[in-house]
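*Asks:* Whatever this is, show me its structure:
(chains A and B)
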Amino acid sequence: MLSVEWEIEGLQTVGIVVIVCASLKLLHLLGLIDFSEDSVEDELELATVRYRPEGLQQLEAQTRFTKKELQIFYRGFKNECPSGIVNEETFKEIYSQFFPQGDSTTYAHFLFNAFDTDHNGSVSFEDFVSGLSILLRGSVQEKLNWAFNLYDINKDGYITKEEMLDIMKAIYDMMGKCTYPALKDEAPRQHVEIFFQKMDKNKDGVVTIDEFIDCCQNDENIMRSMQLFENVI
Amino acid sequence: MAAGVAAWLPFARAAAIGWMPVASAPMPLAPREKRRAQDGFIILNVSGTKFQTWRSTLERYPDTLLGSTEKDFFFNEEINEYFFDRDPDIFRHILNFYRTGKLHYPRHECISAYDEELSFFGIIPEIIGDCCYEEYKDRRRENAERIQDDADDENNKEGVLPDMTLRQSMWRAFENPHTSTLALVFYYVTGFFIAVSVIANVVETVPCRASPGMIKDLPCGERYALAFFCLDTACVMIFTVEYLLRLIAAPSRYRFVRSVMSIIDVVAIMPYYIGLVMTDNEDVSGAFVTLRVFRVFRIFKFSRHSQGLRILGYTLKSCASELGFLLFSLTMAIIIFATVMFYAEKGSTASKFTSIPAAFWYTIVTMTTLGYGDMVPKTIVGKIVGSVCSLSGVLVIALPVPVIVSNFSRIYHQNQRADKRRAQKASKEAGQAFLNKTNLSFEKEHHHLLHCLEKTTNHKFVDEETYEKNCMEVSSVNPPGSHCSSISSQHGLTSTCCSRRNKKTFRLPNSSHAGSLQELSTIQIRERPLISNSRSSLNAKMEDTVQQNSEHPYVTAAIISIRTPPVTSPEGNNTSDSPDYSQRNIVKVSAL
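*Replies:* Predicted coordinates for the structure are as follows:
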C-alpha cells in the first residue's frame, strides 16, 4: 500500500520536475532569462573600409597611361568595387565571369597574387593600374618579367616543376570539362614537360629568370604573342 | 552586371599575357578595332531637363532607341542636342537602366504612363529588376482587370441588342437581374421563395400546441403536415422551373452543370423528389430523413443574390491553406496535451480520462477556453498540465486569429506571388534575351580571349552534347574531315558570361596558320533564347570574307546545332570546304 502511494508521489514529483525544467527552457527560449554569459550582441560591423587612390597626377607619372585612360580604368574599377579595393573573392568572381565554362578560381588566385605586389591581401587601384601598365605598355622584357613573377608562386626566383604544374593545372581548369579533344589528366603534366624541355637549358630542374627570358626572346611565337594586346585600351 | 564586366575585359585580356610563354601554338590575331572615337558626352534634352551621359553608356544596349541610330531622328541641330518630348521623371529611370543595367519601377508612377515610355524607348518590361518586378506585375494586372471590368460594364450597359437570341437574352436576364423588369421580378420572386422555404423548414420542427385529443406536443410539421407539404411543393416547383430555365439558357451547358451554384440547386431540390418516389418504405425512411437535411442547402442559393456571400466564400477558399495549417498545428497541440493528460491521470481513481481519444475532448474544450467541466483532472500533475493546456490554448487560438484576419489579404497575395513568379519565368527569359544583346565589339574581344586560352592549352571548347557525342565516338574521331570542331559552347559560355541567360550574338575570328596571311572571317551566330534547360539552336550565318591564299589555311568554324545533333553535313557552309584542312582534322558543321 505504502509503496503504491510512494510510486504515485514519485511519479508526480518527476512530472513536476520535468515541467519546471521545460518551462525554464521555454522562458530562456523566449529571451526572458539568460543562462550563459556570452550573450553578447553582435558588434556593429565596422564601416566598410573606403580606400582612395593616389592622385591622378602621380598615377600618370608612375604608369604609362594617359589621364584619360586612367579615368576610364578607374570608372570601371570603381563601378565593380565601390570600396576602392578588390579582395580575392571579388577578384575571382569577376574573373570567372569571363570563363563560364571552367573553373577559373585557381588561376585567379595566382593572378591576384601577381597583382598584389605588396602582398597585403587586396588589390588597390594603384596595384591594378601598375600591373596593367606593365602588361599593356611595358617592354617585352618587363612583360616577361611579369610572367615569370606569375609563374613563380613562392617568389623565390626559380620556377620549379611543381609550381609550373600548379599553374598549368589552373590554366587547364579554366577550360572546363567539355573540350575537344577531351581533356586528359596527363595533359597539364605533359605540357609542363614540354615547357621545361624548352626552357630549362642547364637541365637543373628549375627555370631561372635569365633562362626564361633568354628562351622566350628566342621564340618567335612567344615574342609575337606578347605584342598581341597592345591596343586593348 | 554586363556593364561592369565589360569594363574589366581589358584587364582580363591583359592578364592573358600570362599564358603566352606557356602556349605551344601561336595565338590568334586580336580583333581589329576601329580606332574608337574618344568617348564623348551625349546630351539628351527631355522636355527641357538635360541629361548627360557617355556615348558608350548608351551603346551598351544597341537594341533600344537610345542605343541605336534611331536616336538620330531626334537630333536637333539648332541646340545640338537630342530632344525628346517625353516625361523627364520617367526618363530618369530609363537612363539609369543604361547606367546600372537594372531597370526599376517607381511605385508612385502610373503604370500605363510607364509602359508607354518603355515602349517608346524600345525597352521591354520583362527586364525590370527583381526588386521591382512583383510590384510592376501586380499593378499591371490590376490595371488590366480594371480595364476589363470597364469593358464589361460597357457591354452590359448596352441595351438589348436587336440580334440577341431568346436564349442569350434569357441568360443575360438571369446573370444580371437589373437589366430588365422581368428579370428583376423573377429575381425577387425566387428570393422570396427561398426565404419561405428556409423558414418553413425551420418552423416545421418547432413544437406546436398539441391538437385537441393528444397529450404531448407535436412538431408543427406533423400537425400541419398538409400545409407544409403544399408549401414545400410550391417552392420546389419554382426552384425546378428556375433550374431548368437556367439550364436551357446557359451558353455552355456542360460548364453550367458543373458549376457550384447549379450543384447547390440540385442538392436543394433532390430530397423532395426522392421523397416523392419512395414514400412509405420503412427501410429507407431513415435515409430519407437524412436527406431532408440537405434542404438547408437552399440557403446557399442566397449567394446568387448576395455579393458579400460570394466574396466570403471566395476568400475562405483562397485562405484555405492558412486555415489548414492552423488546424494542423491545433491538432498537434491537442494530441500532445491529450497524451500527457492521459498518462498524468492514469493513476487517479475513477478518472474520466479512459483513453487518449477521450482526453481529446477535454483538450479541445480546455484549449478553446470553453471549459464545460464534464471532465476535470484530479491529480496535481494533471492540474498543472491542464493549466498549461488552457494557457497555451489561449495563445494558440486567440492570438493568431486577429493576426490571420488582418493578414488575409497579405497572405493571399503572397501565395499568389509565388505562383505568379513561376508563371512569369517564361516571360523573364525573353527579357534576359533582350538584355543580352550586348556590344558587338565586346563580344569580339571576349571571344578572342577565349580563343587564346584554347590555343594555349591546345584544346577547344565544345558544348556538352558534342562532348558527350565525342566521348562515345572515340573511334571515329580521327578520319580526316569527318568530325566537328565546334568552338564555344554557347551553353556554357552563355550561362554566366556577359549575359545572364542564353542569347548571344557571337563572332568568332577565324585565323589561318602561321606563316601565311592572316584571314579573318567572321561568323555570326544568333541564338534563340533558351528556355530553362533546353538547348539553343544556333544559326550559323557565315559571312565570308575569306581570301584564299596559302596552301594550308585552316578555318575553324563555330558551329553549333544543338537541336539537331552535330552531324557531319556541312551544308550551307563556307565555300572553303573540303580541301582546306591543315594538320588538324577539322570539319565544319553548320546548323540551321
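*Asks:* Where does the stretch 201-350 of chain B get nearest to chain A, which residue?
*Replies:* B:Gly347 (5.1 Å; CB to the nearest CB). For glycine as for every other residue, the C-beta is placed from the backbone atoms N, C-alpha and C.
*Asks:* Count residues in the vicinity of that residue, would you?
*Replies:* Neighbours of B:Gly347 under the rule other CB atoms under 10 Å in any protein chain shown: 16.
*Asks:* Please identify which helix or strand holds the residue of chain B found nearest chain A.
*Replies:* Nearest residue of chain B to chain A (CB to the nearest CB) works out as B:Ala7 at 2.6 Å. Assigned by DSSP states H and E, B:Ala7 belongs to helix B:2-15.
*Asks:* Just list what that helix packs against, helices and strands only.
*Replies:* helix A:67-80, helix A:88-98, helix A:125-137, helix B:440-457 (3 or more CB pairs under 8 Å, 6 or more residues apart in numbering or on different chains; DSSP states H and E).
*Asks:* Let me have those helices in a markdown table, extended by mean pLDDT, mean neighbour count and distance to A:Ala22.
*Replies:* As requested, those are arranged in a markdown table below (pLDDT from 0 to 100; neighbours: other CB atoms under 10 Å in any protein chain shown; distance: least, CB to CB, whole Å):
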| stretch | mean pLDDT | mean neighbour count | distance to A:Ala22 |
| --- | --- | --- | --- |
| helix A:67-80 | 82 | 17 | 53 |
| helix A:88-98 | 86 | 19 | 44 |
| helix A:125-137 | 87 | 21 | 59 |
| helix B:440-457 | 81 | 22 | 62 |
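*Asks:* which one of those helices lies closest to B:Ile335?
*Replies:* B:Ile335 lies closest, by CB to CB, to one member of the helices and strands packed on helix B:2-15: helix A:88-98, at 48.9 Å.
*Asks:* Please write out the alpha-carbon positions of that closest one in PDB.
*Replies:* Only the C-alpha atoms of helix A:88-98 are listed here, as PDB (Å, rounded to 0.1, in the frame of the first residue of the first chain):
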ATOM      1  CA  GLU A  88      40.400  37.900 -53.600                       C
ATOM      2  CA  GLU A  89      36.800  36.800 -53.600                       C
ATOM      3  CA  THR A  90      35.600  39.700 -55.700                       C
ATOM      4  CA  PHE A  91      38.600  39.200 -58.000                       C
ATOM      5  CA  LYS A  92      37.800  35.600 -58.500                       C
ATOM      6  CA  GLU A  93      34.200  36.400 -59.100                       C
ATOM      7  CA  ILE A  94      34.900  39.000 -61.800                       C
ATOM      8  CA  TYR A  95      37.500  36.800 -63.500                       C
ATOM      9  CA  SER A  96      35.100  33.800 -63.600                       C
ATOM     10  CA  GLN A  97      32.600  35.900 -65.500                       C
ATOM     11  CA  PHE A  98      34.800  35.700 -68.500                       C
END
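*Asks:* and the angle for it with helix A:125-137?
*Replies:* Counting by axes from the mean of the first three to the mean of the last three CA atoms, to 10 degrees, helix A:88-98 lies at 30 degrees to helix A:125-137.
*Asks:* Tell me the helix or strand right after helix A:88-98.
*Replies:* helix A:105-115.
*Asks:* Just give me how far that following helix sits from the chain centre.
*Replies:* Between the centre of helix A:105-115 and the centre of its host chain there is 5 Å, according to CA atoms, centre = their mean, to the nearest Å.
*Asks:* Excluding residues flanking it in the chain, which one is nearest B:Thr53?
*Replies:* Nearest non-adjacent residue to B:Thr53, counting by CB to CB, 6 or more residues apart in numbering or on different chains: B:Ile42, 6.2 Å away.
*Asks:* burial count for B:Ala195?
*Replies:* 15.
*Asks:* So the residue of chain B closest to chain A is in contact with A:Tyr74, correct?
*Replies:* No. Checked against CB atoms under 8 Å, the pair B:Ala7 and A:Tyr74 is beyond contact range at 10.0 Å.
*Asks:* What mean pLDDT does stretch B:82-102 get?
*Replies:* In this model, stretch B:82-102 carries a mean pLDDT of 90.
*Asks:* Mind listing what's buried along that stretch?
*Replies:* B:82-84, B:86-88, B:90-91, B:93-95, B:97-98, B:101-102 (16 or more other CB atoms under 10 Å in any protein chain shown).
*Asks:* In contact with B:Ile238, which residues are there?
*Replies:* Applying CB atoms under 8 Å, 6 or more residues apart in numbering or on different chains, we find B:Ile238 in contact with B:Val189, B:Thr190, B:Phe193.
*Asks:* where along chain A do the helices fall?
*Replies:* Under the criterion DSSP state H, chain A carries helices at the ranges A:2-29, A:56-62, A:67-80, A:88-98, A:105-115, A:125-137, A:140-151, A:161-175, A:186-199, A:209-218, A:220-226.
*Asks:* likewise the stretch 351-500 of chain B?
*Replies:* Assigned by DSSP state H, counting those that start in this stretch, the helices in the stretch 351-500 of chain B fall at B:356-367, B:380-393, B:400-435, B:440-457, B:464-472, B:490-496.
*Asks:* A:Tyr72 and B:Asn96, how far apart?
*Replies:* One thing to correct before we go on: residue A:72 is Ile, not Tyr. Distance, A:Ile72 to B:Asn96, using CB to CB, to the nearest Å: 21 Å.
*Asks:* Show me the helices in the stretch 1-150 of chain B, by range?
*Replies:* So, for the stretch 1-150 of chain B - with DSSP H, counting those that start in this stretch - the helices run B:2-15, B:55-58, B:88-100, B:111-120, B:130-157.
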